[in-house]
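Asker: Got a predicted structure plus its sequence, pasted below:
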Number of protein chains: 2
Amino acid sequence: MGTFDHCPVHDAIQVLQEKWTMHIVRALLDGPMGFNELGRTIGGCNPATLKLRLDHLEELGLVARTVHSYMPPRTSYELAPSGVALQQVIDAIDTWAREHLPEPAAEAAQAS
Amino acid sequence: MGTFDHCPVHDAIQVLQEKWTMHIVRALLDGPMGFNELGRTIGGCNPATLKLRLDHLEELGLVARTVHSYMPPRTSYELAPSGVALQQVIDAIDTWAREHLPEPAAEAAQAS
DNA sequence: AATAGTGCTATAGTTAGTCAAGCGATGAAG
DNA sequence: CTTCATCGCTTGACTAACTATAGCACTATT
């Protein structure tokens, strides 16, 4: 196990597969946002997890956190350059999804 | 905000963010594999979860399962056309990772 | 005849994510 | 001036998701 080839794709997948991470990135590609605003935008993520993800992304240098004022609390999160570069990944997913992903709405409407 | 905005990217992310899913796809991009072989290739995924993911991917039509013989058990999993199309997504992640993802710091012996 | 391998499944246990509430301060609305 | 909502979180209890291990019914290899 020690002599394992270091594989960038593998590491990237490890990060991107964490729940909500890609949703967060996608939301931030539209511009900086506050904590709660971001939570509302991606829809359904609880603050605990959201903070976890943002901290991780910040640690990796993909997201930058800026505190504008402590009280009243005002913070904004935005993508760092390496985060913005994920646009190409999101785009690839978008393209793929439109061409190949079956619509769940159709199944839901026709639910058996 | 609509009652439900159907968004392909969102749905795609929901699928791709499931743990091991992208690893599975990446492994299968190199060709069909048996169940255990696949498990070994992606490394660390337990059979229960692996089966769950494969069933889901099959249900979505991204993966095809072929039983060659029941006893002794021999099955192979391979990507359907819409699964193969995910190559572009994996490629995008690969490109991004090489350029922007910081190394986990364990090894930095190699340079050029 | 013993061993290792196949594709799983079952059960129990651990980890990761969720829900709800709340805090200290503030600005807006009544 | 007094609610009320809002900001960015934090905490603690809960639950869903994932993991580890064992085992089955068999075969091919040794």
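Answerer: Sure, I can see it. Numbering: from 1, shown residues only, chains lettered A, B, ... in the order given.
Asker: how about the residues of chain A near DNA strand D?
Answerer: A:34-37, A:47-48, A:51, A:65, A:72-76 (C-beta under 7 Å from any atom of the strand). The way it works is simple: take the backbone N, C-alpha and C, and place the C-beta from them, glycine included.
Asker: same thing but 6 Å
Answerer: A:34-37, A:47-48, A:51, A:72-75 (C-beta under 6 Å from any atom of the strand).
Asker: Residue A:19 should be in a helix, yeah?
Answerer: No: counting by DSSP: H, G, I helix; E, B strand; the rest coil, one finds residue A:19 to be coil, located in no helix.
Asker: and it, what does it touch?
Answerer: Applying C-beta atoms under 8 Å, 6 or more residues apart in numbering or on different chains to residue A:19 gives the contacts A:49, A:53, B:17.
Asker: 10 Å instead?
Answerer: Residue A:19 makes contact with A:45, A:49, A:52-53, B:14, B:17-19, according to C-beta atoms under 10 Å, 6 or more residues apart in numbering or on different chains.
Asker: Residue A:8 now?
Answerer: Residue A:8 touches B:93-101, B:103, counting by C-beta under 10 Å, 6+ apart.
Asker: Remind me which helix or strand the closest residue to it other than its chain neighbours belongs to.
Answerer: Leaving aside its sequence neighbours, residue A:8 sits nearest to residue B:97 (C-beta to C-beta, 6 or more residues apart in numbering or on different chains; 3.6 Å). If you go by DSSP states H and E, residue B:97 is part of helix B:87-100.
Asker: Chain neighbours aside, what residue packs nearest to residue A:26?
Answerer: residue A:90 (5.4 Å).
Asker: burial of residue A:53, as a residue count?
Answerer: 22 (other C-beta atoms under 10 Å in any protein chain shown).
Asker: residues making contact with the helix or strand encompassing it?
Answerer: In the assignment (DSSP H and E), residue A:53 maps to helix A:47-59. Residues outside helix A:47-59 that contact it (C-beta under 10 Å, 6+ apart): A:15, A:18-21, A:23-25, A:28, A:35-36, A:38-39, A:42, A:45-46, A:62-65, A:75, A:77, A:79-80, A:83, B:102.
Asker: taking those one by one, which sit in strands?
Answerer: A:63-65, A:75, A:77, A:79 (DSSP state E).
Asker: Just the buried subset of those residues, please.
Answerer: Of the members of those, the ones counted as buried by neighbours, 16 or more other C-beta atoms under 10 Å in any protein chain shown, are A:63-64, A:75, A:77, A:79.
Asker: Mind picking the two most distant members of those residues?
Answerer: Based on C-beta to C-beta, the longest span within these runs between A:75 and A:79 and measures 14.9 Å.
Asker: one step back: pLDDT on the helix holding residue A:53, on average?
Answerer: Computed over helix A:47-59, the mean pLDDT rounds to 98.
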